[in-house]
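Sequence first, predicted model second:
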Amino acid sequence: MYINSSLKQYSDDLAAKLPAPGGGSASALNAALGVSLVSMVVNFTIGKPKYAKYETELKSILEKSEKLRTEFLDLVDLDAVAYKSKNLRDALDIPFMVARLCFEGIKLCPPLIKKGNINLISDVAVAAIFLESAFSAAYFNVEINLKSLGDKKLSKAIRKELKHKEKMIREIREKTEEKVGEIIRG
């Protein structure tokens, strides 16, 4: 599918009159870009004497961001497959997983404000923005699929979880932007 194709091919297919990829797949790609930025910041930090005392934590963050990056890239394709198969449960589960993983990804950003390479501080904010936007996009896809599925009990449980995560993600992004802005403006 798309994991081994060019960005141009993906973008062309996304823009075309095709049933997939669509918004769910694009949200997974956006999330992959967000955690890729987290990995980049860590990769530019590890090995620098100034940040040596954070090395263990940074390596843990990198391991998590790389795992998430792989999962998001898989979800880019899985969402397109689920949509084409017209399996409503899969079409619901994929964006729900994207949303859940965005929550895990954005939690990697705040420690990098202090412990990441200061020269890449703006990339920490961009990562948080991408992960919040990917969460929001996935949330919309969850909602449309819940409507089609018609399971009120399941819908209530999923909405409750996502509402809680939405609030926390917004807070993390806002605090990250605020602190990064203070550092940039000096």
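Here it is on my side, so go on.

Could you pull out the helices in the chain for me?
Under the criterion DSSP state H, the chain contains helices at 7-15, 23-43, 55-85, 88-106, 109-115, 121-149, 152-185.

who's sitting farthest from the centroid in this protein?
For the chain, the largest distance from the centre (CA atoms, centre = their mean) belongs to residue 49, which lies 29.9 Å off.

For the residue positioned nearest the centre of the chain, give me its contacts.
For the chain, the residue nearest the mean C-alpha position is residue 31 (2.7 Å; CA atoms, centre = their mean). Each residue near residue 31 by CB atoms under 8 Å, 6 or more residues apart in numbering is listed here: 68, 72, 75, 98, 101-102, 105, 130-131, 134-135, 138. Backbone N, C-alpha and C define where each C-beta goes, glycine included.

and if you look at residue 179?
Contacts for residue 179 (CB under 8 Å, 6+ apart) come out as 110, 113.

State the pLDDT value of it.
We have a pLDDT of 98 for residue 179.

do the one 4 residues further on as well
According to the prediction, residue 183 has pLDDT 96.

Residue 130 too?
Note on residue 130: pLDDT of 98.

could you measure it against residue 119, distance?
Distance from residue 130 to residue 119, counting by CB to CB, to the nearest Å: 19 Å.

And for residue 185, the neighbour number?
6 (other CB atoms under 10 Å).

same thing with residue 83?
Around residue 83 there are 21 residues (other CB under 10 Å).

Who are the contact partners of it?
By CB under 8 Å, 6+ apart, the residues touching residue 83 are 19-22, 24-25, 91.

Please repeat the previous calculation with a cut-off of 7 Å.
Contacts here follow CB atoms under 7 Å, 6 or more residues apart in numbering; on that basis residue 83 touches 19-20, 22, 24, 91.

Please indicate which of the residues you listed are buried?
20, 24, 91 (16 or more other CB atoms under 10 Å).

Residue 63: which of those is nearest?
Closest approach to residue 63 among the buried ones among the contacts of residue 83 (CB to CB): residue 24, at 26.4 Å.

And the helices of the chain: which comes nearest residue 1?
Nearest of those (CB to CB): helix 55-85, 3.8 Å.

In the closest one, which residues are buried?
Neighbour counts over helix 55-85 (16+ other CB under 10 Å) mark 58, 61-62, 64-66, 68-69, 71-83 as buried.

And stretch 167-182, by the same measure?
The neighbour-count criterion (16+ other CB under 10 Å) identifies 169, 172-173, 176-177, 179-180 as the buried residues of stretch 167-182.

what's the spacing between that stretch and its chain's center?
When C-alpha coordinates are averaged (CA atoms, centre = their mean, to the nearest Å), stretch 167-182 and its chain have centres 15 Å apart.

What about the closest residue to residue 45 other than its chain neighbours, how many residues nearby?
Closest residue to residue 45 apart from its sequence neighbours, by CB to CB, 6 or more residues apart in numbering: residue 117 at 4.2 Å. Residue 117 has 20 neighbours, counted by other CB under 10 Å.

Since that was my last question, I'll sign off now.
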